[in-house]
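Participant: Using only what follows, build the 3D model:
(chains A and B)
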There are 2 protein chains.
Amino acid sequence: VIECVPNFSEGRDAGKVRAIVEAIERTPGVLLLGWESDVDHNRSVVTFAGEPEAVMEGAICGAWKAAQLIDIRVHGGVHPRVGVADVIPFVPLKGSTLDDCVEIAHRTGEELWRSYAIPVYFYEAAARIPERRRLEKVRRPGFDGKPPDVGNIAAHPEAGASVIGARGFLIAFNVNLHTADLSVAKDIARAIRTSSGGFPALKALGFALPSRGQVQVSMNLTDFDQTPLHVAYEAVARLAAERGVEVAQSELIGLVPRRALEQAAAGLLKLTPFDAQRIVETRLETLQRKPPHLH
Amino acid sequence: VIECVPNFSEGRDAGKVRAIVEAIERTPGVLLLGWESDVDHNRSVVTFAGEPEAVMEGAICGAWKAAQLIDIRVHGGVHPRVGVADVIPFVPLKGSTLDDCVEIAHRTGEELWRSYAIPVYFYEAAARIPERRRLEKVRRPGFDGKPPDVGNIAAHPEAGASVIGARGFLIAFNVNLHTADLSVAKDIARAIRTSSGGFPALKALGFALPSRGQVQVSMNLTDFDQTPLHVAYEAVARLAAERGVEVAQSELIGLVPRRALEQAAAGLLKLTPFDAQRIVETRLETLQRKPPHLH
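Facilitator: As a prediction, this is how the structure comes out:
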């Protein structure tokens, strides 16, 4: 089983989002795990899983539906983007590897160009140009000045480009702050992200949320064993408190592995060291798999 | 499957604790989930599970081994106790009910008196006298002045008495504080416990931990939907901070249901409202149980 978490550049028109989600869900073999839209970002994230071939087909159907419904030239939103099917990551779940996801990413990219003339840039484990491993380098205005990995134009006029990749489980975690001062979110994001010397495996941006009168520290945790949820949360809360600002609430975009939440609970409750065998369901599962008296 | 979590009045002599644990573990059909000892409490908690008959047999074997090895007259420790096999609660896990546990509690109590002349008091759902539902009422010095529920002496000279009951899952959760001032732990325990007007379904006592130079707020959460782990933790941390004291660490005694940790993570990360379907494993399990397109 692999997972796909495409980001589409539409988060305001519920009918268009629904049509994209349905195009994915109708694909045979696809298990739709969820989706969500953000009005300020004007962006939707869909999560689905299945066998590699089914997931590839679902990603292509979703991208094509997005290309029919969205015009990137008139898109407005606070989140950076390069296309209507902006980012398409494939993630290994049980029984699959990152290499399986790289192969599916490449085949999906080639198909998007061949069938729909949408040029594709490969990132993370699927990158063919080493400098493209990091998504934010690919997504800067005008891209990186080099031609796309698939296709001979930088961007399709209306659909833009797609950045397709393979990566480990990414936790998209936002902390919203009780202030309208965008500089607070931007300062905190800069202080904590890997690229400016903060925590490892952590990306962060500061956004305004005008519809809520708040600002947001929007984070991607690309390896929660390196920087767990609670470490990121506590850093944001502490830096906000130093500026006299309180946390309003947090939100997960897409899904979270169970172990990441258990790890966060243990960290925040100061249950250190924590042994997952303290969890009654985990302990029973472990014992029932082992012969008696060998535990 | 039901669970049994007996508390024995021995936490210093590892050989004696090991012998009691082995007496339980050797019982056919018993799945030993874990055990732990505390030197200051001079007390050990064993957790095991299995079919009701096997669990009853395991509890009786453990109590008899404790009666052979421990003399309650010379026992010293900070935790209140009335016997060597001090408290024996039965807890319903999957496929069993509280009523099943009440029946097993009563049968275990009758067997302890008949075979070993240890008198028994029934508490919580197994109580035959309504005033004995609350464990702390049974366990006060001299008991409650009434005869035991089984037996015609208040206590066996060396083994004391056993308080046997049936209850829902109880989370034993201690928060240790960086101070040697016992009044801090006692004040906080008094402020938060149900019996003095604090949180519902929460018992709390303050203990000194002389071996660590700390004090402990020792809690039982008897219904974590009423008072979750994070609510108890945050209350202790806040009341300690008001007294200039920091939390050193927390500890779980015995096991914790997975949902209680997920709930705590969501609460502490301010993921409100939290939907367990955000957890990728839970979501996949749910979808795989449902026919497609009906979610």
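Participant: Now the phi/psi pair for the closest residue to residue A:16 other than its chain neighbours, please.
Facilitator: Closest residue in space to residue A:16, ignoring its immediate chain neighbours: residue A:69 at 4.6 Å, by C-beta to C-beta, 6 or more residues apart in numbering or on different chains. C-beta here means a position set from N, CA and C on the backbone, and glycine is covered the same way. With angles defined as degrees, to the nearest 10, residue A:69 sits at phi -100, psi -20.
Participant: Would you check that residue A:69 makes contact with residue A:10?
Facilitator: Yes. At 7.1 Å, residue A:69 and residue A:10 qualify as touching, with contact defined as C-beta atoms under 8 Å.
Participant: Need the overlap of contacts for those two.
Facilitator: Residues touching both residue A:69 and residue A:10 (C-beta atoms under 8 Å, 6 or more residues apart in numbering or on different chains): A:16, A:20, A:84.
Participant: where along the stretch 1-150 of chain A do the strands fall?
Facilitator: Using DSSP state E, counting those that start in this stretch, the strands found in the stretch 1-150 of chain A span residues A:2-4, A:7-8, A:31-38, A:43-50, A:85-92, A:120-124.
Participant: and if you look at the stretch 151-295 of chain A?
Facilitator: A:162-166, A:171-177, A:202-209, A:214-221, A:247-253.
Participant: Out of those, flag the one nearest chain B.
Facilitator: Nearest of the strands of the stretch 151-295 of chain A to chain B, taken as C-beta to the nearest C-beta: strand A:247-253 at 4.6 Å.
Participant: Reformat the strands of the stretch 151-295 of chain A as JSON lines; add mean pLDDT and mean neighbour count.
Facilitator: Shown next, in JSON lines, are the strands of the stretch 151-295 of chain A (pLDDT from 0 to 100; neighbours: other C-beta atoms under 10 Å in any protein chain shown):
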{"stretch": "strand A:162-166", "mean pLDDT": "97", "mean neighbour count": "28"}
{"stretch": "strand A:171-177", "mean pLDDT": "97", "mean neighbour count": "23"}
{"stretch": "strand A:202-209", "mean pLDDT": "97", "mean neighbour count": "21"}
{"stretch": "strand A:214-221", "mean pLDDT": "98", "mean neighbour count": "25"}
{"stretch": "strand A:247-253", "mean pLDDT": "95", "mean neighbour count": "20"}
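Participant: Let me have those strands in TSV, extended by distance to chain B.
Facilitator: Formatted as TSV, those follow (distance: least, C-beta to the nearest C-beta, whole Å):
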stretch	distance to chain B
strand A:162-166	17
strand A:171-177	8
strand A:202-209	15
strand A:214-221	12
strand A:247-253	5
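Participant: can the helix-or-strand element of chain A with minimal mean pLDDT be found next to chain B?
Facilitator: Sorting the helices and strands of chain A by mean pLDDT, DSSP states H and E puts helix A:280-289 at the bottom, at a mean of 82. Yes. Looking at helix A:280-289 against chain B by C-beta under 8 Å from any C-beta of the partner chain, the contacts come from A:280-284, A:287-288.
Participant: ok, of those residues, which one's closest to residue B:204?
Facilitator: Of all those, residue B:204 sits closest to residue A:280, with 22.4 Å by C-beta to C-beta.
Participant: rewinding a little: of the strands of the stretch 1-150 of chain A, give the one that comes closest to residue B:97.
Facilitator: strand A:31-38 (33.9 Å).
Participant: now the closest one: how far from the chain's centre is it?
Facilitator: 12 Å (C-alpha atoms, centre = their mean, to the nearest Å).
Participant: can you check stretch A:170-184 too?
Facilitator: In terms of C-alpha atoms, centre = their mean, the centre of stretch A:170-184 is found 16 Å from the chain centre.
Participant: Just the CA coordinates for it, please, in CSV.
Facilitator: This file holds the C-alpha atoms of stretch A:170-184, laid out as CSV (Å, rounded to 0.1, in the frame of the first residue of the first chain):
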residue,chain,number,x,y,z
LEU,A,170,5.1,14.1,6.5
ILE,A,171,3.0,15.6,9.3
ALA,A,172,1.4,18.9,8.3
PHE,A,173,0.9,20.7,11.6
ASN,A,174,-0.3,24.3,12.0
VAL,A,175,-0.3,26.3,15.2
ASN,A,176,-2.6,29.4,15.1
LEU,A,177,-1.8,32.3,17.3
HIS,A,178,-4.1,34.9,19.0
THR,A,179,-2.7,37.9,17.2
ALA,A,180,-3.2,39.6,13.8
ASP,A,181,0.5,40.6,13.7
LEU,A,182,2.0,38.5,10.9
SER,A,183,5.6,39.3,12.0
VAL,A,184,5.1,37.2,15.1
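Participant: In CSV: the shared contacts of residue A:69 and residue A:10, plus neighbour count, pLDDT and distance to residue B:150.
Facilitator: Shown next, in CSV, are the shared contacts of residue A:69 and residue A:10 (neighbours: other C-beta atoms under 10 Å in any protein chain shown; pLDDT from 0 to 100; distance: C-beta to C-beta, whole Å):
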residue, neighbour count, pLDDT, distance to residue B:150
A:16, 19, 97, 71
A:20, 26, 98, 68
A:84, 27, 96, 74
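Participant: which among the residues you listed gets closest to residue B:221?
Facilitator: Nearest to residue B:221, judged by C-beta to C-beta, of the shared contacts of residue A:69 and residue A:10 is residue A:20 at 44.0 Å.
Participant: Near chain B, which residues of the stretch 101-250 of chain A? Just list them.
Facilitator: Going by C-beta under 8 Å from any C-beta, the residues of the stretch 101-250 of chain A near chain B are A:169, A:175, A:229-230, A:233, A:247-250.
Participant: So the nearest residue to residue A:30 once chain neighbours are set aside versus residue A:6, what's the distance?
Facilitator: In this structure, residue A:30 finds its nearest non-sequential neighbour in residue A:58, 4.2 Å apart by C-beta to C-beta, 6+ apart. Distance from residue A:58 to residue A:6, counting by C-beta to C-beta, to the nearest Å: 9 Å.
Participant: can you check residue A:232 too?
Facilitator: From residue A:232 to residue A:6 the distance is 24 Å (C-beta to C-beta).
Participant: OK, contacts around residue A:233?
Facilitator: Counted by C-beta under 8 Å, 6+ apart, residue A:233 has contacts A:173, A:175, A:250, A:264, A:268, B:268-270.
Participant: related to what we said a few turns ago, make CSV from the strands of the stretch 1-150 of chain A and add mean neighbour count to it.
Facilitator: Output for those, formatted as CSV (neighbours: other C-beta atoms under 10 Å in any protein chain shown):
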stretch, mean neighbour count
strand A:2-4, 25
strand A:7-8, 26
strand A:31-38, 20
strand A:43-50, 23
strand A:85-92, 26
strand A:120-124, 26
